[in-house]
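**Student:** For reference, the sequence and a predicted model appear below.
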Amino acid sequence: MSKLRELSSDYYWLLAVTAVFAVVSLFLDQFQISLAILILFWALLGAAWNILGGYAGQFSFGHAAYYGIGAYTSVVLLINFEVSPWVGMAAGAALAGLFALLIGYLSFRYGLKGAYFALATFAFAEMLRLIASELELINTSVGIHVPLIGGDSWLRLQFEDTPSNFFFAILILFVVVMLVSIWVARHKVGYYFQAIREDEDAAAALGVDPLGYKLAAIVISGALTALGGSFFVQHFGYVNPELVFGVAISIEILLRPIVGGIGTIWGPLIGAIVLTPLAEFTRDFVRNPPPFLEIIEGRAGVDVMIFGVILIAIIIFMPDGIVGAAVRLRERFLS
Amino acid sequence: MSDTLLQIDSVTKAFGGLLAVNSATLDLNQGEILGLIGPNGAGKTTLFNMTSGEIQPDKGSIYFSGDDITGHKPHVIAQSGLVRTFQIVKPFAKLSVVENVMVGAFINTSSVEKAEWRAREVIEFVGLGSHADQPASNLTTASRKRLELARALATRPRLLLLDEVMAGLTPTESASMVELLQSIREQGVTQLVIEHVMQAIMTLSDRIAVLHHGELIAVGEPAHIASDSRVIEAYLGEEFEIAEN
Amino acid sequence: MAVILQSRRRKIIFAAGAVLLLAILLGLNADQASEWFEQNDPVLRQALVTGILIGGVFALVAMGLTLIFGVLDIINFAHGALMTVGMYITFVLFDNYGIDPYISILITVPALFLIGVVVQRVIIRPASNAPPHNLLLLTLGLALLLQNAMLVIFSGTPRSIRLDYGRGETPIGPFIIDFPLHLFGTTITLNKLIAFIMAMVLAAGLYILLQKTDLGKAIRASAQDKEGAALVGVDIQRIGLITFGIGVACVGAAASLVLPFFFVDPVAGNTFNITAFVIVVLGGLGSIPGALLGAFIVGITQEMGVVFMPSSTKLLGVFIVFILVLLFRPQGLMGKKE
């Protein structure tokens, strides 16, 4: 059966991509490794968002909520109970999943769709940010520093001596999220998600429970997003409400899957591969511009401006994302 | 009567001040095709929507195979074997024809292989085989109607509610749709059909129910309905053809 | 639909329960409650007045946003950033040329109208056939662009202007009025008062434009039914350009009005952005009168929220209201149920 073959091929691709990343990483320098970490990091978050936004078609503008919950849960457990961030990650995912269930239930039960849903998710994330800024338990807006014990530790997920180990940590998490993504896309639940996205009423008339499946989508998506948050705290070493609950994070999370190709398995990774080095490149370009542009040297904000222009261009000229453009190109080639 | 598959009992629905359906009572027997006709605005789609769960009746009850399904959610009703199509077709545009029908097939299985197998089987049956792997958005109107039908069939329904499945079809296309519906009946699927194309519905139906201003004014065999004075009066001013038996 | 009907009953029970709970709490703490109210009475009154005054400016911003949504189905995330642009223009005109902000409105409004038209033509229209999330990202990208452009040009230092009138005795026409005003135990500054009055005047002007002119009719027709409007001869493309322009011109006006009592930095427009979104949803996406009503509700809630929850920021109260509205009346106060 054609689908059976396709089912296997995505997992093979994942294996191949993982192998390539793992092997190539051995030959990369410090800077390139940190770039690779960023790529996988955003690809992970994008893939998680994509489950709800791309497959189920429910555009969340507040994924920072789950990211932040993941970040704070693991760091609080670490500081107060000496719990390993790996366990903290799982706890964060569970808590984020619960919160996603709450947000999802409130939103979907009352029929929020499209722009209304997007704004509601944004509002929930902002509320979390505001509440977190006042919460003594997590040190309000001052934030929390991750207590470092020095040296490397896989158990505590900190690598002061060998920061490149963070790459393997994020690679593991990336594979986990991608496995879930592929599983969702290629099984009944993925078909149901897409049916709901395309036409909720028609889906219901075919026996699909719209509320149930939307809730499933948001819970899975939220839980996976929290993993990224937990990783961030350990990697960056510090967390505060603005950093992890801010709207900037929500935007960054959804940027790459949309540019890469919303609702596709590999869109998030492709978007991350294209946009992340691009951001670095523009930043570098501003730091060391060519002689005729030296007026922009070092000026804050120019890099984001350039990035913004390129982003706008990509969206205008590739409305289905990079994957969509590639598919159309292939079709034109074949016909 | 163990033969009664669907019982609509004194069902009433008002929208604001407008009485869309007024105490309609109708029984559907296992294995029959019941045609539901009536002038525009008679309340046919509203009656459908109450049967399939999209709308809740203000008064009355609906029983499917003896179970009370009044006011249940659409997906629950669909899962019990009562499936409907929509007047304005709702294909899953970004999915292929096969994937569309698989969504229907998944109601009985969790296996992708089984769903695909069932989907392809149904697609062949309705005659869309050559379009199976194309995106649904590529299909013509006639093909989309078949897709809508195929999706519903893939669920292995006991009762199929067809809402103007022949609207927008040429006479040739209508005729072959009639054949298709007849072969679906031969598979044991009971059908409740809303239709405006008189020729088709008179040929197709075992019985006809006539709705006018929300009330069932006549139920009976096509020949009797065609000569019923109340029916003729209701349709005065409307164009229609009566199939001569 | 069945779901909605069932939930209406639930909503009523929930609301009744909440009111009952509130009443019981108040009753149990009647003494404390009345004492608290007495103590905070002046603060509450001030909050109410400030809320109404700032609500006027919010209304202007929100009406622009809801107009754009009503006609073009776009959620303009760059609305706040465009307001920041207007604020910087006003600042430069004042700082370099001494032009009074209330006069520079005559410049910011057409300037931002033009910017709006250009944005619509160059950035948004090319993507009009794309899925809605693309348009969202586009306006977002634009916001990023504008914010950082202003960061580059003006740096991140907050700037503000100080008018040399409006304190103490101020001649207004034949009268001499002492500012700030003290009315009903509250303080009203001249800046906020002018902002409120002018915002209301402009809002009225917008209303007249939409209701009484041919252009306004064309705009309203496009908002209701694009295809139908095109069929009766409305140039949809042109209307789209003009509408976006008007929507952005609204924030241009608001920017000039607000600068005298607000500061400007590259992200100054962000709070207005968020607040505008809440107002627009509260009032009903696409409804101008809804935006007006919603603006006052949000303005008052924002100011009063701080009194009831002193440790929180103003926005928290706003968001709580927002969530409640989304849950109980997602179509907004004046919107139509879909």
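**Tutor:** It's in.
**Student:** Kindly indicate whether B:Val210 is helix, strand or coil.
**Tutor:** strand (DSSP: H, G, I helix; E, B strand; the rest coil).
**Student:** and the closest residue to B:Gly31 other than its chain neighbours, what does it touch?
**Tutor:** Spatial nearest neighbour of B:Gly31, chain neighbours left out: B:Thr190 (5.8 Å); criterion: Cβ to Cβ, 6 or more residues apart in numbering or on different chains. Heads up, the C-betas are built off the backbone N, CA and C, glycines and all. Contact analysis of B:Thr190 by Cβ atoms under 8 Å, 6 or more residues apart in numbering or on different chains lists B:5-6, B:28-33, B:158-160.
**Student:** Can you give me the neighbour number for residue 18?
**Tutor:** Just so you know, I chose chain A. For A:Thr18, the count of nearby residues is 16 (other Cβ atoms under 10 Å in any protein chain shown).
**Student:** was after chain C, sorry
**Tutor:** So C:Ala18, with other Cβ under 10 Å, has 11 neighbours.
**Student:** Please apply the same query to C:Ala204.
**Tutor:** 10.
**Student:** State whether it is indeed within a helix.
**Tutor:** Yes - according to three-state DSSP, C:Ala204 belongs to a helix.
**Student:** now it: how far from chain A?
**Tutor:** 28 Å (Cβ to the nearest Cβ, to the nearest Å).
**Student:** what are the ranges of the helices in chain B?
**Tutor:** B:44-52, B:74-79, B:97-105, B:112-126, B:141-154, B:171-186, B:198-204, B:222-226, B:229-234 (DSSP state H).
**Student:** Which of those comes out lowest on mean pLDDT?
**Tutor:** Among the helices of chain B, helix B:229-234 carries the lowest mean pLDDT, a mean of 80.
**Student:** Tell me the buried residues in it?
**Tutor:** B:231, B:234 (16 or more other Cβ atoms under 10 Å in any protein chain shown).
**Student:** C:Asn29: which of the helices of chain B is closest?
**Tutor:** Set against C:Asn29 and scored by Cβ to Cβ, those come closest in helix B:74-79, at 46.4 Å.
**Student:** Is any residue of the closest one near chain A?
**Tutor:** Yes - judged by Cβ under 8 Å from any Cβ of the partner chain, helix B:74-79 comes into contact with chain A through B:74-76, B:78-79.
**Student:** hmm, that helix touching chain C?
**Tutor:** No - using Cβ under 8 Å from any Cβ, helix B:74-79 stays clear of chain C, coming no nearer than 8.8 Å.
**Student:** Over to stretch A:140-155?
**Tutor:** No - Stretch A:140-155 does not reach chain C (Cβ under 8 Å from any Cβ); its nearest approach is 10.0 Å.
**Student:** any idea how far B:Val97 is from A:Leu95?
**Tutor:** Counting by Cβ to Cβ, to the nearest Å, the separation of B:Val97 from A:Leu95 is 42 Å.
**Student:** For those two, indicate the residue with more neighbours.
**Tutor:** Shown here are B:Val97 and A:Leu95; by other Cβ under 10 Å, B:Val97 has more neighbours (29 against 19).
**Student:** So that one sits against B:Gly127, correct?
**Tutor:** No - in this structure, B:Val97 is not within contact of B:Gly127 by Cβ atoms under 8 Å, at 11.7 Å.
**Student:** I'd like the average pLDDT over stretch B:129-140.
**Tutor:** On average, stretch B:129-140 scores 92.
**Student:** If you could redo that for stretch C:144-164, that was the one I meant.
**Tutor:** 88.
**Student:** So for it, first residue to last residue, what's the gap.
**Tutor:** 35 Å (Cα to Cα, to the nearest Å).
**Student:** Off-centre distance for it?
**Tutor:** 20 Å (Cα atoms, centre = their mean, to the nearest Å).
**Student:** List only buried entries from the contacts of B:Thr190.
**Tutor:** Here, 16+ other Cβ under 10 Å leaves B:5-6, B:28, B:32-33, B:158-160 buried among the contacts of B:Thr190.
**Student:** Put together TSV for those, with pLDDT and distance to C:Gly64 on each row.
**Tutor:** Shown next, in TSV, are the buried ones among the contacts of B:Thr190 (pLDDT from 0 to 100; distance: Cβ to Cβ, whole Å):
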residue	pLDDT	distance to C:Gly64
B:Leu5	92	57
B:Leu6	94	54
B:Leu28	93	56
B:Glu32	93	60
B:Ile33	94	57
B:Arg158	95	55
B:Leu159	96	52
B:Leu160	96	51
